[in-house]
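Q: this is a predicted model, with the sequence first.
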Amino acid sequence: MQEILVLNGPNLGMLGAREPEVYGHATLDDLRELLEARKTAEQRVEVRQTDDEAELIGWIHEAFRRGCDVILNPAAFTHYSYGLRDAVAMLQGTSRLIEVHISNPHTREAFRHMSTISGVATGVIAGFGFQSYVLALSALTD
Ligand code: DQA
C-alpha cells in the first residue's frame with residue numbers, strides 16, 4: 001500500500017468561503033471526496049490542513065519517518081517559510097513530494113512568484129484548481 005499525505009497550509013480550511021473567484025466554491029471535504037474517488041486501489045490518501053507552521057513541519061517529519069509520499073499545498077508558507085523548506089529538503093532521496101497550488105501564483109501578485117519549496121520538491125503543479133491535486137496523485141502512481 002502506498003501512503004500519501006495530502007498536506008494543506010494556512011487558510012485552506014476556509015476553501016468554499018475564501019475568495020471564491022480565485023479558489024472556487026468547493027471545500028476541503030470536497031477535495032477529500034475527490035481524491036478518495038480518484039486514488040488507485042494501492043493508494044491510501046490522508047488529507048490534512050493546518051494554519052500552524054510548526055504542525056505542518058511536524059507532518060513533514062512524520063512523512064520522513066514513515067517514508068510516505070506527500071502532496072503539499074503550502075499556501076502562504078510557500079512564499080516565506082525557510083523552516084518548511086528545510087523540512088521538505090529532508091525528504092529528498094526518501095519520499096517524493098509534489099508542490100501543488102489551486103491558483104497559478106505566477107499570474108498573481110509579485111510576492112507569490114517566489115517559492116521556497118519548489119527547489120526541493122520533486123515537482124510542481126499549479127493553476128488547475130483541485131485538478132492540481134488529482135494530477136499530483138497520478139504523478140505519484142507507482
Ligand atoms: C495557494 C497560492 C498561495 O499564494 C496562497 O497564499 C494560498 C493558496 C493556491 O493553492 O493557489 O493560500 O497556495
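A: That came through fine. Numbers count the residues shown, from 1 in each chain.

Q: quick check: closest non-adjacent residue to residue 78.
A: Distances taken as CB to CB, 6 or more residues apart in numbering place residue 115 nearest to residue 78, at 4.9 Å, with adjacent residues excluded. Bear in mind the C-beta positions are built from the backbone N, C-alpha and C, glycine included.

Q: straight-line length of stretch 63-74, end to end?
A: Stretch 63-74 has its terminal residues 15 Å apart, counting by CA to CA, to the nearest Å.

Q: sorry, that was for stretch 63-80
A: Using CA to CA, the two ends of stretch 63-80 sit 22 Å apart.

Q: so which bits of it are buried?
A: Under the neighbour-count criterion of 16 or more other CB atoms under 10 Å, stretch 63-80 has 63-64, 68-75, 77-79 buried.

Q: pick the one among those closest to residue 21.
A: Nearest to residue 21 out of the buried residues of stretch 63-80 is residue 75 (CB to CB; 17.1 Å).

Q: so who does the closest residue to the closest one other than its chain neighbours touch?
A: Excluding the flanking residues, the one nearest residue 75 by CB to CB, 6+ apart is residue 9, at 3.5 Å. By CB atoms under 8 Å, 6 or more residues apart in numbering, residue 9 lies in contact with 49-51, 53, 56, 72-78.
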